[in-house]
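# sequence first, then the predicted structure:
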Amino acid sequence: MTEVKLIPADEQYIEQMMALEHESFHRDAWTEESMRFEVLSNHTRYFVLLQDSLVVGYAGLSKLIGSNQADVQTIAVAPALRGKGYGRKLMQRLLLEAEAQGATEIFLEVRADNSVAAALYTSLGFSHIDTRKRYYQPDDVDALIMRAPLTAKTKSEPVVLGIESSCDETGIGIVRGNTLLANVISSSMDQHARFGGVVPEIAARAHLEALQPTLVQALHDANLSMDDIDAIAVTNGPGLAGALMVGVGAAKALSVASGKPIYAVNHLVGHVGVDVLEGELELPTIALLVSGGHTSLLLVKDLLDDVTLLGETIDDAAGEAFDKVARILGLGYPGGPSIDEAAKTGDPKAIRFPRGLTLPKDMEKHRYDFSFSGLKTAVARWVEVAEAKGESFSIADVAASFREAVADVLTAKAVAACNDHGIKRLLLGGGVVANARLRQLAAERCEANDIELRIPELKLCTDNGAMIAALGSQLVMAGREPSSLDFGVDSTLSVETVHTK
Ligand code: KG4
Ligand code: ZN
């Protein structure tokens, strides 16, 4: 899956920006010299949109020192990516930046024949205040001058830094209110590959090494310094104790050194709260969180005050089952992606593997709980028997049948929870959400049951710091008290404790 990132522009991107400039503006294109001057100048702020390290969009504004007016200089999005909301993302970023620079109003010019752009600007609060006749030559097209007042709204929104270290991802995220400013993740996954699963000591050690550079990168991406941060949020559980301690230690040190308040938050609730970064988090909702460390079904009525655990795995997490079965089949680590790949050409009905905790007797006591260890053993047994008989078998069929069993149970129980509680909304989170069959089956079953399905962008589903920052930001905006510095880590922290005071 390709990921698009918005970061400050610098010298290294100018050549690519020029290529896009020519593609977008043809005759009106700037020269490389003026582009370089504008991008690197002190009175301007430029941002680039990167897709797999290729520049696919950019935008810039200028603001003279001492003036309270900012001016949008340019904005461009690669033709292939138009109509996907990237122009809006770039503009929103410019508006935030203009406010951060102390501007109280912002201006732009748009071609009178570009009604799509004008509509976007109008939706962002701009209004048409003047027209420059036949400004664009030689086409004789008028320029519309548009203006937007900058309210103090975003100014009053807290800038929160989030630190996540509960498993093998060191994540640092920065948000302003509900807007994502940076999300940098450093994973120690490769170091665990030869063990076939996360090794706690290696994870803790890797967090220690990754924290500082990840923090520096996140501040750079957000174009901020520690002085701009209003509060620090950190995961204090659930997760691996040693790994959590590294993040909590770093967060406390930063808090003491900078004098910023600290909020200890719940990792699982962070997976739910992250949805505010993609629009409004609609509540109440059922949330299914599936990763290498957890498989939990939550009922969320209020993000900060009313989160209930409906059920969870009684043995392995779903992602762990993928990792273990991949090992049995001789596929790579992490198992999820390699099984997904192998399953593509397989028949999901080839083998009927058991669906854990779905028998009528289980459905009374463990209606919303999961069990994957029996499934893993069943796969191992099946392979053993086939090998003992000297039979050749299709790895693709085993992978597809196993994946089907996991996706079937996860979605069936999540849909049941929605129906039982009369909550027609399901939010997915965690790294296993990348699974192609899980997404497909969730979509099908939700549609059949009239349930609205929300799946945040994958980079926000896997463990990350932005979700912790987002949850912290909700606490700050709700006026909650920060944590006192003596909180500890809790590897089995209950979802009901959203925030440890
Ligand atoms: O949320 P995540 O990045 O963090 C941890 O729990 O560490 O989840 C990682 C887990 C791994 O177990 C991996 O095998 C699983 O998510 N995963 C997948 C897929 N991609 C990653 N599981 C199934 N299908 C996938 N495509
Ligand atoms: Zn997680």
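Now that the structure is in, tell me what you want to look at. Ligands and ions are numbered 1, 2, ... in the order given.
# how many residues are close by residue 30?
A total of 17 residues lie near residue 30 under the criterion other Cβ atoms under 10 Å. (Glycine included, C-beta is placed from N, CA and C.)
# just for this structure, where's the confidence low?
Of all residues in the chain, those with pLDDT under 70 make up the ranges 1-2, 152-156.
# so which residues on it come close to ligand 2?
Taking Cβ under 5 Å from the ion, the part of the chain that reaches ligand 2 is made up of 291, 463.
# and if we set it to 8 Å?
166-167, 239, 267-268, 270-271, 289, 291, 293-294, 429-431, 462-463 (Cβ under 8 Å from the ion).
# out of those, which comes closest to residue 51?
For the residues of the chain next to ligand 2, the minimum distance to residue 51 (Cβ to Cβ) is 18.3 Å, reached by residue 462.
# what sits closest to that closest one if chain neighbours are left out?
Nearest residue to residue 462, sequence neighbours excluded (Cβ to Cβ, 6 or more residues apart in numbering): residue 431, at 4.4 Å.
# for the one you found, what are its contacts?
290-292, 319, 334, 336, 461-463 (Cβ atoms under 8 Å, 6 or more residues apart in numbering).
# likewise residue 437?
Shown in contact with residue 437 (Cβ under 8 Å, 6+ apart): 340, 343, 348, 403-404, 407.
# mark which of the contacts of residue 431 are part of helices, please.
319, 336, 461 (DSSP state H).
# can you count the residues close to the second one?
Neighbour count of residue 336, defined by other Cβ under 10 Å: 26.
# now do the first one
For residue 319, the number of neighbouring residues by other Cβ under 10 Å comes to 29.
# which ones are touching it?
By Cβ under 8 Å, 6+ apart, residue 319 lies in contact with 290-293, 295, 334-336, 430-432.
# now it: how far from residue 370?
Using Cβ to Cβ, to the nearest Å, residue 319 is found at 12 Å from residue 370.
# swap in residue 391?
According to Cβ to Cβ, residue 391 stands 31 Å off from residue 370.
# compare these two (neighbour count), which wins?
residue 370 (28 against 8).
# now that one, nearest residue through space, not along the chain?
Residue 370 sits nearest to residue 313 (Cβ to Cβ, 6+ apart), 4.4 Å away.
# buried sites along stretch 31-50?
35-36, 38-39, 44-50 (16 or more other Cβ atoms under 10 Å).
# for that stretch, measure first residue to last.
Terminal residues of stretch 31-50 lie 22 Å apart, using Cα to Cα, to the nearest Å.
# going forward, begin numbering at 16 instead of 1
Understood, numbering begins at 16; the last thing we discussed is stretch 46-65.
# name the nearest residue to the residue in the stretch 266-415 of the chain that ligand 1 sits nearest to, ignoring sequence neighbours.
For the stretch 266-415 of the chain, the residue closest to ligand 1 is residue 351, as judged by Cβ to the nearest ligand atom, at 1.8 Å. Leaving out its chain neighbours, the residue that sits closest to residue 351 by Cβ to Cβ, 6+ apart is residue 337, at 4.3 Å.
# hang on, isn't residue 241 packed against residue 268?
No: counting by Cβ atoms under 8 Å, residue 241 stays clear of residue 268, with 11.8 Å between them.
# helix or strand for the residue nearest to residue 351, which one?
With secondary structure defined by DSSP states H and E, residue 337 is part of helix 333-343.
# now for the longest helix along the chain, which elements pack on it?
Counting residues, the longest helix found in the chain (DSSP H) is helix 410-436. Counting contacts by 3 or more Cβ pairs under 8 Å, 6 or more residues apart in numbering; DSSP states H and E, helix 410-436 packs against strand 300-305, strand 310-317, strand 321-327, helix 333-343, helix 350-358, helix 388-403, strand 440-444, helix 451-463.
# need phi/psi at whatever residue of the stretch 416-516 of the chain ends up closest to ligand 1.
Proximity to ligand 1, evaluated over the stretch 416-516 of the chain using Cβ to the nearest ligand atom, is greatest for residue 446 at 2.2 Å. For residue 446, the backbone dihedrals (degrees, to the nearest 10) come out as phi -60, psi -30.
# one more: residue 192?
Dihedral angles (degrees, to the nearest 10) for residue 192: phi 60, psi -120.
# so how many other residues sit close to it?
By other Cβ under 10 Å, neighbour count at residue 192 equals 20.
# now residue 264
Neighbour tally, residue 264, other Cβ under 10 Å: 17.
# doesn't it fall inside a strand?
No: counting by DSSP: H, G, I helix; E, B strand; the rest coil, residue 264 is not part of a strand but helix.
# before we move on, the earlier item: for ChimeraX, what selects the buried ones among the contacts of residue 334?
Selecting only the buried entries of the contacts of residue 334 in ChimeraX, with 16+ other Cβ under 10 Å as the criterion:
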select :305,306,307,308,310,349,350,351,445,446,447
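# which pair in the contacts of residue 334 spans the largest distance?
Every pair of the contacts of residue 334 checked by Cβ to Cβ; the farthest is 310 and 349, at 15.4 Å.
# can you list the residues of the stretch 66-215 of the chain near ligand 1?
With Cβ under 6 Å from any ligand atom as the criterion, the stretch 66-215 of the chain meets ligand 1 at residues 182-183.
# repeat the analysis, applying 8 Å as the threshold.
182-184, 202, 204, 213 (Cβ under 8 Å from any ligand atom).
# next, format the residues you listed as TSV and append neighbour count.
Output for those, formatted as TSV (neighbours: other Cβ atoms under 10 Å):
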residue	neighbour count
182	30
183	27
184	24
202	18
204	17
213	21
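# show me what contacts residue 38?
Counted by Cβ under 8 Å, 6+ apart, residue 38 has contacts 93-94.
# for it, give its distance to residue 94.
7 Å.
# do residue 219 as well
Using Cβ to Cβ, residue 219 is found at 46 Å from residue 94.
# more neighbours: which of these two?
The neighbour comparison of residue 219 against residue 94 (other Cβ under 10 Å) goes to residue 219, with 20 against 11.
# for the helix or strand where that one lies, list the C-alpha coordinates in PDB.
Element membership for residue 219, per DSSP H and E: helix 215-237. Written as PDB, here are the backbone C-alpha positions of helix 215-237 (Å, rounded to 0.1, in the frame of the first residue of the first chain):
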ATOM      1  CA  PRO A 215      10.900  -8.300  24.600                       C
ATOM      2  CA  GLU A 216      14.600  -7.600  25.400                       C
ATOM      3  CA  ILE A 217      15.400  -6.800  21.800                       C
ATOM      4  CA  ALA A 218      12.400  -4.600  21.500                       C
ATOM      5  CA  ALA A 219      13.300  -2.600  24.600                       C
ATOM      6  CA  ARG A 220      16.800  -2.100  23.500                       C
ATOM      7  CA  ALA A 221      15.700  -1.000  20.000                       C
ATOM      8  CA  HIS A 222      13.300   1.600  21.500                       C
ATOM      9  CA  LEU A 223      16.200   3.100  23.500                       C
ATOM     10  CA  GLU A 224      18.200   3.500  20.300                       C
ATOM     11  CA  ALA A 225      15.400   4.700  18.100                       C
ATOM     12  CA  LEU A 226      13.700   7.200  20.400                       C
ATOM     13  CA  GLN A 227      16.000  10.200  19.900                       C
ATOM     14  CA  PRO A 228      16.300  10.000  16.100                       C
ATOM     15  CA  THR A 229      12.500   9.300  15.800                       C
ATOM     16  CA  LEU A 230      11.700  12.400  17.900                       C
ATOM     17  CA  VAL A 231      14.100  14.600  15.900                       C
ATOM     18  CA  GLN A 232      12.500  13.400  12.700                       C
ATOM     19  CA  ALA A 233       8.900  14.000  14.000                       C
ATOM     20  CA  LEU A 234       9.700  17.500  15.100                       C
ATOM     21  CA  HIS A 235      11.300  18.100  11.700                       C
ATOM     22  CA  ASP A 236       8.300  16.700   9.800                       C
ATOM     23  CA  ALA A 237       6.000  18.900  11.800                       C
END
